[in-house]
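> Provided below are the primary sequence and the corresponding predicted coordinates.
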Amino acid sequence: MERTLAIIKPDGVVRKLVGTVIQRLEQEGIRVAGMKMIRLTKVQAKGFYKVHQDKPFFDSVTDFMSSGPCVVMVLEGEDVIAHYRKIMGATDFKKAAEGTIRRDFATDIEKNVVHGSDSPETAAFEIGYFFSAMEVG
Ligand code: CMP
C-alpha cells in the first residue's frame with residue numbers, strides 16, 4: 001500500500017467539483033485516508049511549492065493557491081501515486097488524456113482543479129506538510 005497527497009484546488013472548490021473528484025477516486029478503488037478543508041496563506045503556499053520557487057509561474061500559482069479554500073486529502077492504494085496521476089491527467093489540460101479530471105474540468109494550466117504528489121519522496125513531504133499522524137487513518 002502506498003500513500004499520496006491530493007489537493008482539490010480553489011477553482012475546484014469554487015466550481016463545486018469536490019464531490020465529483022472524490023467520486024472518481026473512490027470509483028477507481030482509491031481510499032481516502034485523511035481529508036480536510038484548509039485556506040493557505042501566501043507564505044504557506046510558497047512553502048508547499050518551494051520546489052518551483054525559481055519558475056516563472058511561482059508567484060502566480062502561490063497567489064492562486066492562497067485565493068480560497070482547498071480540500072487536502074491523503075489517498076491510499078496500490079501504486080496510488082501513479083494511479084492518481086493517471087486519473088488527474090497531465091498538468092496542461094490540453095495535453096491530458098480523455099476522461100481525466102483535468103481534461104474534463106481544468107480551464108487553464110494553472111487552474112487545473114487538482115494536485116498530486118509526483119514521487120514517494122514528494123508524497124512524504126507533502127503529506128507531512130498538511131497532516132499529523134492523528135489525522136490519517
Ligand atoms: P501542480 O501539479 O499543482 O504543480 C505546480 C502547479 O503550478 C501546477 O499544478 C499548476 O497549477 C501551476 N502552473 C502554472 N503554470 C505552470 C506551468 N507552465 N507548468 C507547470 N505548472 C504550472
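That came in fine, so what should we check first?

> From now on I want contacts and neighbour counts done on CA atoms only, so please keep to that.
OK.

> Contact partners for the nearest residue to Thr62 once chain neighbours are set aside?
Nearest residue to Thr62, sequence neighbours excluded (Cα to Cα, 6 or more residues apart in numbering): Ala45, at 5.2 Å. For Ala45, the contacting residues are 62-63, 65-66, by Cα atoms under 8 Å, 6 or more residues apart in numbering.

> three-state assignment of the residue in the chain that the ligand sits nearest to?
Of all residues in the chain, Glu110 sits closest to the ligand, at 3.5 Å by Cα to the nearest ligand atom. Secondary structure for Glu110, judged by DSSP: H, G, I helix; E, B strand; the rest coil, is coil.

> Now it. Nearest residue, chain neighbours left out?
Glu110 sits nearest to Val61 (Cα to Cα, 6+ apart), 6.5 Å away.

> Provide a list of residues in contact with the residue nearest to Ser117 when sequence neighbours are not counted.
Nearest non-adjacent residue to Ser117, counting by Cα to Cα, 6+ apart: Ala123, 5.1 Å away. When contacts are counted by Cα under 8 Å, 6+ apart, Ala123 touches 3-5, 117.

> ok, 7 Å please
4-5, 117 (Cα atoms under 7 Å, 6 or more residues apart in numbering).

> can you check Ala33 too?
Applying Cα under 7 Å, 6+ apart, the residues near Ala33 are 74-76, 136-137.

> what about the helices in the protein?
Assigned by DSSP state H, the helices in the chain fall at 10-14, 18-27, 42-48, 58-65, 80-88, 101-105, 120-130.
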